[in-house]
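> Sequence first, predicted model second:
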Amino acid sequence: MTAQRTFLYDDHIKLGAKMVEFAGWDLPVMYSSIIDEHVAVRQSAGIFDVSHMGEIVIKGRGARSALQRLIPTDMGRLEKGKSMYTCFLNEQGGIIDDLFIFMLSDNEYYLVVNAATTEKDVQWLMQNCKTNVSIQDVSAATAKIDLQGQQSYAILKKIIKDERLEDLKRFHFFTGTYKGEPVLISQTGYTGEFGYELFCINNVASRLWNDLLESGKELGLKPAGLGARDTLRLEACYSLYGHELTDTISPIEGGIGFVVSAQSEYIAKNIVEEQKEKGASREIICLEMLDKAIPRSEYRVEYKEKDIGYITSGGFS
């Protein structure tokens, strides 16, 4: 099966990106080097094409209550123009997917999910949201560009002339315009740095991408690939679905117990709340290699000749 391409594929090739297949998509793993791009984000700024991610719109009078039944996080944390991180749970307390929910209005929500699980997430929503709710997968029409690093604001304000940008708080968003087209601008990211996630229609993506690169040239902005995205998120202790989180790992076991806050009923509430109160039979920890070696995903971990677990993610520091 041929890998899908984002609308920025030709731009990546022009920049000399090394392309790899990831979650069914042809994506840049790096342009110069992973370390170079990682350091650029930490010291100035980096720009990522993450248009492979899934976007789903759920709206209707029953949208809020339907979502509350599917997630362990209190929907009361949301207000118009604010987002939050959470997860879908199966009946066993495992994580179907981790996601961000953006509240567009009282009856409309914008969900950002993982690429490999988008179809599964849509099916789960349709299976569990049957009254006064419409569900639309808008992934194919949506491009997503992440601008991350301390220079992000200085770069973005040259392109987006909107006074709301200056006072935008963490986990808040607004819909601005670029070249006359709407762009959802969120102060969020997956790197541990200050930055933005930008959502636009596909036909705008290439112009926006190149305008940002030109705007940030003097400020040290560099295009960054999946390699740096992974080392940055790992350094910041951000989980990756399929590694730290799976359909057999609960939020408590996976180290994201902070998402468990809902008082109302939701799927697997009794399981995850018992784990949160009494502790789970296993937990995720951080470990450091003392010799020059990199612990790779799925390597077994032994202590006193006893198998005690496995590596979920690992890398150099």
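Sure thing, it's come through.
> make it CA atoms for all contacts and neighbour counts henceforth
Will do.
> how about the residue nearest to Thr175 when sequence neighbours are not counted, secondary structure?
Nearest residue to Thr175 in three dimensions, chain neighbours excluded: Leu184, at 4.3 Å (C-alpha to C-alpha, 6 or more residues apart in numbering). Classification of Leu184 by DSSP: H, G, I helix; E, B strand; the rest coil places it in strand.
> I figured Leu184 hits Leu165, correct?
No: judged on C-alpha atoms under 8 Å, Leu184 makes no contact with Leu165 at a distance of 11.4 Å.
> who's in contact with the residue nearest to Thr175?
Contacts for Leu184 (C-alpha atoms under 8 Å, 6 or more residues apart in numbering) come out as Phe173, Phe174, Thr175, Gly176, Leu198, Phe199, Cys200.
> if you set the cut-off to 6 Å instead, what comes out?
Leu184 makes contact with Phe174, Thr175, Leu198, Phe199, according to C-alpha atoms under 6 Å, 6 or more residues apart in numbering.
> all helices of this structure, in order?
Under the criterion DSSP state H, the chain contains helices at 9-14, 34-43, 63-70, 118-128, 152-159, 202-216, 226-235, 269-278.
> So which of those helices is nearest Glu302?
helix 226-235 (22.0 Å; C-alpha to C-alpha).
> Give the other helices and strands that that closest one contacts.
helix 34-43 (3 or more C-alpha pairs under 6 Å, 6 or more residues apart in numbering; DSSP states H and E).
> Give me the buried stretch members for the helix it packs on, please.
Ile34, Glu37, His38, Val39, Ala40, Val41, Arg42, Gln43 (16 or more other C-alpha atoms under 10 Å).
> how many neighbours does the closest residue to the third one other than its chain neighbours have?
Right, His38. Counting by C-alpha to C-alpha, 6+ apart, Ala228 is the residue found nearest to His38 once chain neighbours are left out, at 5.0 Å. Ala228 has 24 neighbouring residues, counting by other C-alpha atoms under 10 Å.
> Surely Ala228 touches Ile34?
Yes: using C-alpha atoms under 6 Å, Ala228 is in contact with Ile34, at 5.0 Å.
> Does anything pack onto the longest strand along the chain? Which helices or strands?
Longest strand of the chain, by residue count under DSSP state E: strand 95-105. Strand 95-105 sits against strand 83-89, strand 108-113, with contacts defined as 3+ C-alpha pairs under 6 Å, 6+ apart.
> most neighbours per residue, which of the ones you listed?
Of all those, strand 83-89 carries the top mean neighbour count, a mean of 23, counting by mean count of other C-alpha atoms under 10 Å.
> the bottom helix or strand of this structure by mean pLDDT?
strand 300-303 (a mean of 94; mean pLDDT, DSSP states H and E).
> ok, residues contacting that strand?
Asp307, Ile308, Gly309, Tyr310.
> how about a cut-off of 10 Å?
Pro295, Asp307, Ile308, Gly309, Tyr310, Ile311, Thr312 (C-alpha atoms under 10 Å, 6 or more residues apart in numbering).
> So which bits of it are buried?
For strand 300-303, it's none, nothing buried (16+ other C-alpha under 10 Å).
> Neighbouring strands - and their directions - for that strand?
strand 306-310 (antiparallel) (DSSP bridges).
> Could I get the average pLDDT for the partner strand?
What strand 306-310 shows for mean pLDDT is 97.
> Now for Ala228 and Ile34: what residues contact both?
Ala40.
> who touches the residue nearest the centre of the chain in this structure?
Residue closest to the average C-alpha location in the chain (C-alpha atoms, centre = their mean): Tyr190, at 6.0 Å. By C-alpha under 10 Å, 6+ apart, the contact list for Tyr190 reads 146, 148, 196-197, 229-230, 232-234, 236-240.
> ok, back up a step: tell me which of the helices and strands packed on strand 95-105 sits nearest to Leu290.
That would be strand 83-89 among these, by C-alpha to C-alpha, at 33.7 Å.
> could you give the angle of that closest one to helix 118-128?
80 degrees (axes from the mean of the first three to the mean of the last three C-alpha atoms, to 10 degrees).
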